[in-house]
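Asks: Just a sequence and a predicted model for now, questions to come.
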Amino acid sequence: MFEKLIGQSPNFESLLRSARMVAATDVTVLIIGETGTGKEVLATALQQHSPRVDRPFVTINCAALPEALAESELFGHKKGSFTGATGNQLGRLQAANGGTVFLDEVDSLPISLQAKLLRFLETGEIQPVGETSTQHVDVRIIAATNANLQDRISRGEFRRDLYYRLNVVPLEIPPLRERIGDVQVLLQHFIIQFTRDHGLPKVNVSKQALSKLMAYPWPGNVRELRNVCERLCILLAGRTIDENSLPPEIVSRMPPASSASSEIELPERGINLEQVEIDLIRQALQRTNGNRSRSAKLLGISRDTLLYRMQKYGIS
């Protein structure tokens with residue numbers, strides 16, 4: 001499954017190295033990433049390369065759980081424990097016993113249910129609704145979120161203790177705009193995939209179209225690029241994708257602002273770009289007292305990208 005995670009940029013390769021090491025363990029993982037970056041694909045890869053590969057893999061979209069039934073869905077219930085409980089029902093955690101549970105959009109869990117999930121993570125025990133005794137369940141938890149959990153904690157929407165229990169090994173997937181060099185690699189991969197899947201002749205991409213695709217920030221990340229590729233492979237089968245073939249939002253992308261409207265003006269004598277980057281990284285680390293996650297946010301890059309550049313420049 002790791003072969004489905006396509007990319008050659010340093011920050012993405014660093015993520016994959018960490019993920020491969022984590023996959024072979026039973027440690028709890030928190031996958032962080034924007035919508036469309038491939039969190040579920042990464043979770044599946046972790047399970048497929050784990051010792052639990054032959055055991056159940058249960059995916060739970062926490063945002064889709066009805067609040068009134070969320071506890072029963074996760075932990076099960078006893079017959080007669082509430083109106084409509086006409087029989088005993090296994091919860092998703094029980095159904096996954098021995099395997100892995102993927103909690104997607106874990107930030108959407110009701111606050112009341114977060115305490116029960118925390119207890120399960122700490123003890124391995126669950127208590128179905130209506131039961132007076134607990135049961136032990138052996139499940140590995142992989143959680144994912146596209147939210148800033150620290151902000152949710154500050155607003156009282158997410159438990160701090162649950163965050164620390166889930167955040168044993170964080171894996172942050174960089175957005176596509178932070179690994180723009182991977183756009184061409186992904187583009188070629190998707191073109192081959194869709195022309196094969198749909199039985200169509202291959203499309204080509206002009207230099208002008210590729211330039212536009214590389215300049216676009218891809219707010220929908222890899223999912224958006226995938227959808228655009230599939231559309232173009234079908235509509236332009238056997239032809240060349242040129243600039244005018246691209247969706248309007250990509251074609252009309254404004255060019256970078258000129259130096260006149262930029263916050264930073266390039267001196268006439270020029271600059272040493274590498275030294276500027278080193279200075280900015282050091283300033284960010286100093287401002288955050290060495291907190292690398294906060295420094296990365298100040299710089300507008302992922303934590304993995306920051307760590308890579310710190311290593312590259314020998315910044316401790």
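Replies: Right, received. Where do you want to start? Numbering: from 1, shown residues only.

Asks: Show me which positions of stretch 194-202 end up buried.
Replies: 194, 195 (16 or more other C-beta atoms under 10 Å). C-beta coordinates here come from the backbone N, C-alpha and C atoms, glycine included.

Asks: What mean pLDDT does it get?
Replies: Stretch 194-202 shows a mean pLDDT of 95 in the predicted model.

Asks: what do you get for stretch 19-27?
Replies: Here the average pLDDT along stretch 19-27 is 96.

Asks: Check which residues of that stretch are buried.
Replies: 19, 22, 23.

Asks: Grab the nearest non-local neighbour of the first one.
Replies: When the adjacent residues along the chain are set aside, residue 19 lies closest to residue 171, with 5.8 Å between them (C-beta to C-beta, 6 or more residues apart in numbering).

Asks: Quickly list what the one you found is bridged to.
Replies: Counting by DSSP bridges, residue 171 forms beta bridges with residue 31.

Asks: Check what pLDDT it gets.
Replies: 96.

Asks: Could you report the neighbour count for it?
Replies: 21 (other C-beta atoms under 10 Å).

Asks: try residue 252
Replies: Neighbour tally, residue 252, other C-beta under 10 Å: 9.

Asks: just residue 217 next, same as before
Replies: 13.

Asks: Tell me the confidence at it?
Replies: Residue 217 is given a pLDDT of 92.

Asks: The most centrally placed residue in the chain: what's it in contact with?
Replies: Residue closest to the average C-alpha location in the chain (C-alpha atoms, centre = their mean): residue 33, at 3.1 Å. Counting by C-beta atoms under 8 Å, 6 or more residues apart in numbering, residue 33 makes contact with 39, 144, 146, 172, 173, 174, 175.

Asks: which among those residues gets closest to residue 91?
Replies: residue 144 (19.8 Å; C-beta to C-beta).

Asks: Return the list of helices and strands in contact with the one helix or strand that closest one maps to.
Replies: Assigned by DSSP states H and E, residue 144 belongs to strand 140-145. Contact here means 3 or more C-beta pairs under 8 Å, 6 or more residues apart in numbering; DSSP states H and E; on that basis strand 140-145 packs against strand 29-32, helix 39-48, strand 100-104.

Asks: Rebuild these as JSON lines, extending it with mean neighbour count.
Replies: JSON lines is the format used below for these (neighbours: other C-beta atoms under 10 Å):
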{"stretch": "strand 29-32", "mean neighbour count": "24"}
{"stretch": "helix 39-48", "mean neighbour count": "21"}
{"stretch": "strand 100-104", "mean neighbour count": "24"}
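
Asks: closest one to residue 234 among the ones you listed?
Replies: Nearest of those (C-beta to C-beta): helix 39-48, 22.6 Å.

Asks: The very next helix or strand once past that closest one - contacts with which helices or strands?
Replies: As assigned by DSSP H and E, the chain's next helix or strand after helix 39-48 is strand 57-61. With contacts defined as 3+ C-beta pairs under 8 Å, 6+ apart, strand 57-61 has these neighbours: helix 39-48, helix 92-95, strand 100-104.

Asks: Closest to residue 46 out of the buried residues of stretch 19-27?
Replies: Closest to residue 46, out of all of those and judged by C-beta to C-beta, is residue 23, at 4.7 Å.

Asks: contacting residues around the closest one?
Replies: 45, 46, 47, 48, 49, 50.

Asks: Give me the neighbour count for the last one.
Replies: If you count neighbours by other C-beta under 10 Å, residue 50 ends up with 20.

Asks: Report the separation between the residue lying closest to it once chain neighbours are set aside and residue 34.
Replies: Distances taken as C-beta to C-beta, 6+ apart put residue 23 closest to residue 50, at 5.3 Å, once the chain neighbours are dropped. Separation of residue 23 from residue 34 (C-beta to C-beta, to the nearest Å): 22 Å.

Asks: low-scoring pLDDT stretches of this structure, where are they?
Replies: Within the chain, the segments meeting pLDDT under 70 span 80, 83, 86-87, 253-266, 268.

Asks: ok, which stretches of the chain are strands?
Replies: 29-32, 57-61, 100-104, 125-126, 135-136, 140-145, 169-172, 204-205, 240-241 (DSSP state E).

Asks: which residues does residue 167 contact?
Replies: Here residue 167 is in contact with 30, 149 (C-beta under 8 Å, 6+ apart).

Asks: and it, backbone torsions?
Replies: phi -90, psi 40 (degrees, to the nearest 10).
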